[in-house]
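Asks: return a 3D structure for these sequence lines:
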Amino acid sequence: MTNNINISLPSDRLIEAQLLLLLQLKPSHGYELIQRLNDSDFTLGEVDPATVYRHLRRMDKDELVKSHWETGPSGPGRRLYTITNNGEALLGQWTESIRHQKEKLEKFIKIYEQYNS
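Replies: So this is what the prediction gives:
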């Protein structure tokens, strides 16, 4: 009997890395970052906007990103986020960690496939 269990990797932990990568590609407003995350292949389903903004506030406080208010001709002001040198260094560490985890997962799959073929 097979149980249909919803198993997924912890994507909430990876939001920081995903945000840093998106900001390295292009400075963005929070709402735009949420849209870009939802449109990417990084996440499973829709991201929680409150989670994204919580991460952005903490990352700003930790000097991984910097933000400033932009006022446009219409509508309220919005924060524009950019990655800092500290954020770029952490993104490099995230990338190495993800690469290492990918290698472990590939080994897991290889052993499983050898046993089940």
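Asks: CA atoms for contacts and neighbours, from now on please.
Replies: Will do.
Asks: give the other helices and strands that the biggest helix by length in the chain contacts.
Replies: Secondary structure of the chain per DSSP state H: the longest helix is helix 85-115. Other elements packing on helix 85-115 under the criterion 3 or more C-alpha pairs under 8 Å, 6 or more residues apart in numbering; DSSP states H and E are helix 11-25.
Asks: redo that, cut-off 10 Å
Replies: helix 11-25, strand 65-70 (3 or more C-alpha pairs under 10 Å, 6 or more residues apart in numbering; DSSP states H and E).
Asks: what strands flank the helix or strand that the shortest one is followed by, and is each parallel or antiparallel?
Replies: Sequence-wise, the next helix or strand downstream of strand 65-70 (DSSP states H and E) is strand 78-83. Paired strands of strand 78-83, with direction, are strand 28-29 (antiparallel), strand 65-70 (antiparallel) (DSSP bridges).
Asks: then stretch 60-74 to CSV, C-alphas only?
Replies: Presented in CSV, the C-alpha positions along stretch 60-74 are these (Å, rounded to 0.1, in the frame of the first residue of the first chain):
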residue,chain,number,x,y,z
ASP,A,60,17.7,45.1,5.2
LYS,A,61,18.5,45.2,8.9
ASP,A,62,21.3,42.7,8.5
GLU,A,63,22.7,44.8,5.6
LEU,A,64,22.3,42.1,3.0
VAL,A,65,20.1,44.4,1.0
LYS,A,66,19.5,48.1,1.1
SER,A,67,16.3,49.9,0.4
HIS,A,68,15.0,53.4,-0.2
TRP,A,69,11.6,54.9,-0.8
GLU,A,70,10.8,55.8,-4.4
THR,A,71,7.9,58.1,-5.2
GLY,A,72,6.3,57.9,-8.5
PRO,A,73,3.9,60.2,-10.4
SER,A,74,1.0,58.1,-9.3
